[in-house]
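Visitor: okay, sequence plus prediction incoming.
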Amino acid sequence: MLTMTAVFLSLFLSLPMNVRATLGLRHEPGVETRLPLTLAGELTPAPRTRLAAGIAADLLRPGLPDRFAFEAGREIGGRAEVAVGVKVRHWPDWRVGENLAFAVARLEPRPGLEFEAGIARRVPVLDTHRWRSPLVWTGPLAEWNVVYGVGWRFLDHPRLGLAVRTGNRGMMDLRTPGLIGIRFDAASRLGPGLTAIASLAGEIKGLSAALAELGAVGVELGVRRGF
Amino acid sequence: MVSERNVRAALAALVLLAAGCDWSLREVLSHPTVEQRVRESLAMPPVEPPPVNPDSFRFAMFGDPQVRKDGIHRLGRFREHVVERGIDFVCVLGDLTHDATEEQIQWMRSALDSLGVPVYAAPGNHDLYQTGAWDRFKEVFGPGCQWFRAGRVRIILFDTAGGIIGPTQFRWLEEQLSLSADEIKVLGTHFPLFDGGMPDLYRLASEAERYRLASLLRDTGAWGLVSGHMHYFRAFESNGVRFITCGSMAPKLDGGEPGYLLLNYAAGELSWQFVVLD
């Protein structure tokens, strides 16, 4: 809903923006398998200001969308950005929800190299009457999580872009810092304003135990359209 | 970007992190997976239940006694509590030793034997920090996941030594929790699911795994989950399920006072208190 509103608003106001649609597969052995269809948009309503929103539905569990994300970023000094946002996630099979707010600072000391650090407030909602509510922001199980990320866009050709990223934050999720996520991104220009995008992701569990094991693996394919 | 120099620097950082510990880097990198450990545990004979008066008994749960190479631990003082408070059996929630050396394992086995009551143990991450450590653990302390009954209380200990539950163990937990509708179900493991607000790493790593287990505990009416790993005491309750971190028996604490969780079953009810090991 947020994304669609952003798209219509942006088109109406003729603001520069891009929209992406992806279909993914995420498998966490013994925990869950998801087939998320994600629609996300990003627009620039004012110079150096960025708004992004996303919504996702799990095609393996027909029903309401189960992931929502919104974030706003403000560029500082050309090579840094401060961003804040919220994410709402639902697990209908387990009747559990999670509301999450975060603030991060991003730094790009040289083109293609990006560092991110911040803090997030994670509020698990286990109450069977309120697990879908995005308004629950307190609870006995609420916790602070560190947010971190390092990204390196090591190939930036007009026909093909390749990047690798490690960290615990994505557009639609924010993992605990005990999971090290590694993601390879590829982008290939299909035509004016249209780009094919793909990613391959994996997680290493058990950072706190110093006994690493492979966690979830995932792939994502889609397109990005600039307006 | 990834030069030999950078790789060496990363390895040196790992060595520095492990400084002062007799860990085997090889084992840290190539330990048996949780799947392997759980399958081996479930293939072992069931543990013997403790001999208790089914209408009234007491037991203690604590984590991380974590004996180090200096041989120091707190179980000598705890032995007095076992006698004074009439504790019938004990559950240790991982990190029995700091480095999992043969010497430390034998020290801990002797200390636990000296308590004079049955002891049940789940492994912690430190218990796997040597080559062959898992084999020694299960030989000396028993299976990593196990259940037994004391009166109307079903105690389920499971293996989160690596911060992971894993598919086979999850299925086993689902069976355990669904089989026992009329029992009081107490779970014990090394890693906490929830551990207060602090921005630390020391909870079960995957939030999806945490939520799946939390919903299972909620939906099956479990009494609660008791864990170690963190060397302090924390207790929370959500939707009737208690999440208690009682890992405060370690020689080196992360905060608070050393102690253990004392659980008292009487008149069909289970009550708990944190007891400071003065």
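Guide: Right, received. Where do you want to start?
Visitor: now the closest residue to B:Gln130 other than its chain neighbours: phi and psi?
Guide: Setting aside the residues directly before and after it, B:Gln130 is nearest to B:Ala100 in space (C-beta to C-beta, 6 or more residues apart in numbering or on different chains), at 4.3 Å. In short, each C-beta sits where N, CA and C put it, glycine included. Main-chain torsions, B:Ala100, degrees, to the nearest 10: phi 60, psi 30.
Visitor: tell me the pLDDT at the residue nearest the centre of chain B?
Guide: In chain B, the C-alpha nearest the mean C-alpha coordinate belongs to B:Leu93, at 1.9 Å (C-alpha atoms, centre = their mean). Note for B:Leu93: predicted pLDDT of 97.
Visitor: so who does it touch?
Guide: Residues near B:Leu93 by C-beta atoms under 8 Å, 6 or more residues apart in numbering or on different chains: B:61-64, B:121-122, B:124, B:157, B:188-190, B:226-229, B:246-247.
Visitor: ok, 10 Å please
Guide: Neighbour list for B:Leu93: B:61-65, B:120-124, B:157, B:160, B:188-192, B:226-229, B:245-247, B:249, B:261 [criterion: C-beta atoms under 10 Å, 6 or more residues apart in numbering or on different chains].
Visitor: what about those residues, which are in strands?
Guide: Per DSSP state E, strands hold the following members of those: B:61-62, B:120-122, B:157, B:188-189, B:226-227, B:245-246, B:261.
Visitor: element containing B:Arg136?
Guide: helix B:133-141 (DSSP states H and E).
Visitor: elements contacting that helix?
Guide: The contact analysis (3 or more C-beta pairs under 10 Å, 6 or more residues apart in numbering or on different chains; DSSP states H and E) places helix B:133-141 against helix B:34-42, helix B:102-113, strand B:119-122.
Visitor: now do the buried residues in that helix.
Guide: B:133-134, B:136-138, B:141 (16 or more other C-beta atoms under 10 Å in any protein chain shown).
Visitor: and it with helix B:102-113, angle?
Guide: For helix B:133-141 against helix B:102-113, the angle by axes from the mean of the first three to the mean of the last three C-alpha atoms, to 10 degrees is 30 degrees.
Visitor: what residues does helix B:133-141 touch?
Guide: Residues contacting helix B:133-141 (C-beta under 10 Å, 6+ apart): B:23-24, B:27, B:31-32, B:36-37, B:40-41, B:44, B:92, B:94, B:96-97, B:99-102, B:105-106, B:108-109, B:112, B:119-124, B:126-128, B:130, B:132, B:143-144, B:159, B:161.
Visitor: what about the nearest residue to A:Trp94 once chain neighbours are set aside, which SS state?
Guide: Spatial nearest neighbour of A:Trp94, chain neighbours left out: B:Ser215 (3.6 Å); criterion: C-beta to C-beta, 6+ apart. Secondary structure for B:Ser215, judged by DSSP: H, G, I helix; E, B strand; the rest coil, is helix.
Visitor: my read is that B:Ser215 contacts B:Glu209, right?
Guide: No: between B:Ser215 and B:Glu209 there is no contact under C-beta atoms under 10 Å: 11.1 Å.
Visitor: could you pull out the buried residues of stretch B:44-59?
Guide: B:50, B:52, B:57-59.
Visitor: so which of these are in strands?
Guide: Going by DSSP E, the strands hold B:57-59 from the buried residues of stretch B:44-59.
Visitor: switch the residues you listed over to JSON lines; also include pLDDT and distance to A:Arg26.
Guide: Shown next, in JSON lines, are those (pLDDT from 0 to 100; distance: C-beta to C-beta, whole Å):
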{"residue": "B:Phe57", "pLDDT": "98", "distance to A:Arg26": "45"}
{"residue": "B:Arg58", "pLDDT": "98", "distance to A:Arg26": "45"}
{"residue": "B:Phe59", "pLDDT": "98", "distance to A:Arg26": "40"}
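Visitor: shaky segments in the stretch 101-250 of chain B?
Guide: Counting by pLDDT under 70, the stretch 101-250 of chain B shows low-confidence ranges at B:180.
Visitor: and which of the ones in strands among the buried residues of stretch B:44-59 is nearest chain A?
Guide: B:Phe59 (25.0 Å; C-beta to the nearest C-beta).
Visitor: give the burial count for the closest residue to A:Trp91 other than its chain neighbours, as a bare number.
Guide: Counting by C-beta to C-beta, 6+ apart, B:Tyr211 is the residue found nearest to A:Trp91 once chain neighbours are left out, at 5.6 Å. Residues near B:Tyr211, counting by other C-beta atoms under 10 Å in any protein chain shown, number 25.
Visitor: contact partners for B:Tyr211?
Guide: Counted by C-beta under 10 Å, 6+ apart, B:Tyr211 has contacts A:31-32, A:89, A:91, A:93-98, A:124-126, A:131, B:193.
Visitor: change it to 8 Å
Guide: Listed by C-beta under 8 Å, 6+ apart, the contact set of B:Tyr211 reads A:91, A:94, A:96, A:98, A:124, A:126.
Visitor: quick one on the thing from earlier: how about the ones in strands among the contacts of B:Leu93 in CSV, adding neighbour count?
Guide: Shown next, in CSV, are those (neighbours: other C-beta atoms under 10 Å in any protein chain shown):
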residue, neighbour count
B:Met61, 26
B:Phe62, 29
B:Tyr120, 25
B:Ala121, 27
B:Ala122, 32
B:Leu157, 28
B:Gly188, 27
B:Thr189, 30
B:Val226, 27
B:Ser227, 31
B:Thr245, 29
B:Cys246, 29
B:Leu261, 26
